[in-house]
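In: Take this sequence and fold it.
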Amino acid sequence: GSNDIIAHSITTDAQDNARIESQSGNITVDTDIRTKSVAGNAHVSAVNGNISARSIKTEAPAGSINSIRSQAGSGEFQWIPNPNDTAITIKDSIFYLDSDRVWNTQLTLQGTCTINGNGYELTFGDNGGIIVNSNASLLIKNMKLNKLGGNAVRCQDNTATLSLENVTWTQTS
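Out: I've put the predicted structure just below:
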């Protein structure tokens, strides 16, 4: 549509809020999306469209909001979490790994989401976790989940769904 954002790469740095957003179109980037805020929130959002990029990184100070949102049903991206990100919300998206990763971020999923590991391993650090919100569903496929302890991967309540396909799940004990 006329409100699509199409680019080779996108980088934003802002003193306050850093935002890359399309209200009614798609965000399509050949390589990377990076958004950084010194004192506010960092967002990448396709309100009524899809996000497609090789990697997306949001960075904001502790206590601020880092978020990547694709509110349509087919957002797709590979996301490299920043070690400083403490909480990320993703809605109605597919994301995938391109290498083994250590997960130290609290990820909250809304709507219908898929994590495709492409055969790689996701190792959970002390602060790593995935929460499937109420009335949401998550399909985890083609990956190894390692060092899962306590409530590392969990459903918020009995209206949330967690499905596994070709997954090796290794608990901490």
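
In: avg pLDDT for whichever strand or helix holds Thr123?
Out: In the assignment (DSSP states H and E), Thr123 maps to strand 121-124. For strand 121-124, the mean pLDDT works out to 90.

In: Disregarding residues adjacent in the polypeptide, which is nearest to the residue of the chain positioned farthest from its centre?
Out: Farthest-out residue of the chain from its mean C-alpha position, per C-alpha atoms, centre = their mean: Ser173, at 27.0 Å. Ranked by C-beta to C-beta, 6 or more residues apart in numbering and with sequence neighbours excluded, the top spatial neighbour of Ser173 is Gly149, at 7.1 Å. For every residue, glycine as well, the C-beta is placed using N, CA and C.

In: doesn't Phe124 make contact with the one you found?
Out: Yes - judged on C-beta atoms under 8 Å, Gly149 makes contact with Phe124 at a distance of 7.2 Å.

In: Please say which of those two ends up with more neighbours.
Out: Phe124 (23 against 12; other C-beta atoms under 10 Å).

In: residues contacting that one?
Out: Residues in contact with Phe124, defined by C-beta atoms under 8 Å, 6 or more residues apart in numbering, are 102-103, 145-149, 152.

In: Closest to the centroid, which residue in this structure?
Out: For the chain, Ile90 is the residue whose C-alpha lies nearest the centre (C-alpha atoms, centre = their mean; 5.2 Å).

In: beta partners for that residue?
Out: Leu109 (DSSP bridges).

In: Quick check: the gap between it and Gln15.
Out: Look at Ile90 and Gln15: by C-beta to C-beta, to the nearest Å, they are 26 Å apart.

In: about what we covered before: elements contacting whichever helix or strand comes after the strand holding Thr123?
Out: The C-terminal neighbour of strand 121-124 among helices and strands, as given by DSSP H and E, is strand 129-132. Helices and strands touching strand 129-132, by 3 or more C-beta pairs under 8 Å, 6 or more residues apart in numbering; DSSP states H and E, are strand 106-110, strand 153-155.

In: Not counting the longest one itself, show me its contacts.
Out: Put plainly, it is strand 106-110. Against strand 106-110 from outside (C-beta under 8 Å, 6+ apart): 81, 86-92, 127-133, 136, 138.

In: where does Thr159 fall, helix, sheet strand or coil?
Out: Here Thr159 is coil, with the state taken from DSSP: H, G, I helix; E, B strand; the rest coil.

In: For it, give its distance to Asn3.
Out: From Thr159 across to Asn3, the span is 33 Å (C-beta to C-beta).

In: Ok, Asp16 next?
Out: 24 Å.
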